[in-house]
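Participant: Coordinates only, no sequence provided:
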């Protein structure tokens, strides 16, 4: 039996304000926001959904969806606290310049930096992500 063709097209990230988080990652990665939806009936103004994509579709898109019970994960993990179940790894050619850019766009460096060629930061919603050489 031949396996069916499967293609990873997007990674979806939960957030308390998905459109604001899409704007952050759009600025960080230089990818446009390609789709945006506002809140549904009865939802707060920050609810909705948004997506950013590479202009040439060479990489999976990032989608952001509203989570009404959002709790930012704790990294490094601590017992009894919300755990980061995934994170983005973003390759860069100049680590110091990339960290400076990320911070200027709204990221916060993590207190713990366990690797020499990797920097852990938090996006405005509190998701950890890594910049690496």
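Facilitator: Ah, there it is. What you see is a predicted model; the values in this text were computed from it and never measured.
Participant: For residue 68, see how far away residue 48 is.
Facilitator: Relative to residue 68, residue 48 is positioned 12 Å away (CB to CB, to the nearest Å). C-beta coordinates here come from the backbone N, C-alpha and C atoms, glycine included.
Participant: Who has more neighbours out of these two?
Facilitator: The residue with more neighbours, out of residue 48 and residue 68, is residue 48; 21 against 10, by other CB atoms under 10 Å.
Participant: which residues does the more buried one contact?
Facilitator: 18-19, 36-40, 66 (CB atoms under 8 Å, 6 or more residues apart in numbering).
Participant: which of the residues you listed has the most neighbours?
Facilitator: In terms of neighbours by other CB under 10 Å, the contacts of residue 48 top out with residue 18 at 25 neighbours.
Participant: Pretty sure residue 76 sits against residue 112.
Facilitator: Yes. Shown here, residue 76 and residue 112 form a contact pair, counting by CB atoms under 8 Å, at 5.6 Å.
Participant: Compare these two and say which is more crowded by neighbours.
Facilitator: Using other CB under 10 Å as the criterion, residue 76 and residue 112 rank with residue 76 on top: 12 against 9.
Participant: Domains in this protein, by residue range?
Facilitator: 10-66, 88-132 (automatic domain parsing).
Participant: would you turn those domains into CSV with distance to residue 81?
Facilitator: Listed next are the domains of the chain as CSV, based on distance: least, CB to CB, whole Å:
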stretch, distance to residue 81
domain 10-66, 17
domain 88-132, 12
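Participant: Same list (those domains) but as JSON lines, adding mean pLDDT.
Facilitator: Conversion of the domains of the chain to JSON lines gives the following (pLDDT from 0 to 100):
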{"stretch": "domain 10-66", "mean pLDDT": "97"}
{"stretch": "domain 88-132", "mean pLDDT": "98"}
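Participant: can you pull out the strands in this protein?
Facilitator: For the chain, the strands defined by DSSP state E occupy 10-15, 33-37, 49-52, 61-66, 88-91, 108-109, 118-122, 128-132.
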